[in-house]
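Colleague: sequence first, then the predicted structure, then my questions.
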Amino acid sequence: MDEALRGKLSRWASQYHTADFISVDPIRFPHRYDLPEDIEISGLLTAVMSFGNRTQILRKADCLDGMMKHAPLQYVLSGTWRDDFRPGDTGSFYRMLSYATMRAFFEKLYAVYSEGLILEDVLMTYPGNPMQKLCAFLGVSDRSPQKKLNMFLRWMIRRQSPVDFGIWQRMSPADLIIPLDTHVCRVAHGLGLTDAAVYSLANARKITKALAEVFPGDPCLGDYALFGYGVNHKDV
């Protein structure tokens, strides 16, 4: 990677890795809370809904926060979600996410917090990197890019950040994988960080490795740089 590109990525990261980013991003919902359990619950549920139109994402995440009476941990432990999200209800809660799918998330969260644990405690019982741990817990494939889950992990693990929380101290930011979607594929390809705009885990790892050259030990700081590139180059 040439020095000019390194410089641009560093500048864009500095420009957009600020508290101002919070208000325009789904991360603003877990930022409503101080309790680690509330942050985890709000963060995970907001992240899994973070696809599609940004305005729609923010509207539906706000709706869910209202359903939880702005008290995620209390809502999970109360079991109220059993009435709000019925088993077998294939109706759409948000786009392709059904009520039954959302219930499955609440079931897994209830199993954690009803034992007096936090989510990080449970994830540490699984092998692998942070993404593999979270995928194993949720029972989903760790062979796809899992953009939404990697975004949630960035929120929880990146430290000393004005945006991300860094409340999980037993996993390393160096092991995070860039939250990859088709837009990030195009942006990374346009910058020459990868030779193909392919939506795959292999490409996510390749882009992450390239970003680690600029942000050693914290490759997902580069997520803000790629966001900045997208803002400054509207054609991508």
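Modeller: Received it, and whenever you're ready, just let me know what you need. Please read these numbers as outputs of a predicted model, since none were measured by experiment.

Colleague: poorly predicted segments of the protein, please.
Modeller: 231-236 (pLDDT under 70).

Colleague: mind listing the strands for it?
Modeller: Along the chain, counting by DSSP state E, strands occupy 92-94, 97-98.

Colleague: save those as CSV, and put in mean neighbour count too.
Modeller: Where you see a C-beta, it was placed from the backbone N, CA and C, and this is true even at glycine. As requested, the strands of the chain are exported to CSV (neighbours: other C-beta atoms under 10 Å):
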stretch, mean neighbour count
strand 92-94, 17
strand 97-98, 16
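
Colleague: now distance to residue 40 too, for those, in CSV please.
Modeller: Formatted as CSV, the strands of the chain follow (distance: least, C-beta to C-beta, whole Å):
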stretch, distance to residue 40
strand 92-94, 20
strand 97-98, 19
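
Colleague: tell me which of these sits nearest to residue 79.
Modeller: Residue 79 sits nearest to strand 92-94 of all the strands of the chain, at 17.9 Å, using C-beta to C-beta.

Colleague: ok, that closest one: who's next to it in the sheet?
Modeller: strand 97-98 (antiparallel) (DSSP bridges).

Colleague: measure how far the strand it pairs with is from the centre of its chain, please.
Modeller: 18 Å (C-alpha atoms, centre = their mean, to the nearest Å).

Colleague: and if you look at stretch 148-156?
Modeller: 3 Å.

Colleague: got the buried residues for stretch 181-189?
Modeller: 181, 184, 185, 186, 187, 188, 189 (16 or more other C-beta atoms under 10 Å).

Colleague: ok, the third one - contacts?
Modeller: By C-beta atoms under 8 Å, 6 or more residues apart in numbering, the residues touching residue 185 are 194, 197, 198, 199, 203.

Colleague: next one: it from residue 91, what distance?
Modeller: For residue 185, the distance to residue 91 equals 32 Å [C-beta to C-beta, to the nearest Å].

Colleague: just the C-alphas of stretch 131-138, formatted as CSV.
Modeller: Output of stretch 131-138 as CSV, limited to C-alpha atoms (Å, rounded to 0.1, in the frame of the first residue of the first chain):
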residue,chain,number,x,y,z
MET,A,131,-16.8,-13.8,15.2
GLN,A,132,-16.6,-17.6,15.6
LYS,A,133,-17.5,-17.3,19.2
LEU,A,134,-20.6,-15.2,18.5
CYS,A,135,-21.7,-17.4,15.6
ALA,A,136,-21.4,-20.5,17.7
PHE,A,137,-23.5,-18.9,20.4
LEU,A,138,-26.2,-17.8,18.0
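
Colleague: can you pull out the helices in this protein?
Modeller: 3-16, 36-48, 54-67, 72-78, 81-84, 99-113, 119-123, 130-138, 147-157, 182-191, 201-214, 222-232 (DSSP state H).

Colleague: list the buried ones in the last one?
Modeller: Going back to what we said before, that points to helix 222-232. Buried-residue list, helix 222-232, by 16+ other C-beta under 10 Å: 222, 223, 224, 225, 226, 227, 228, 229, 230.
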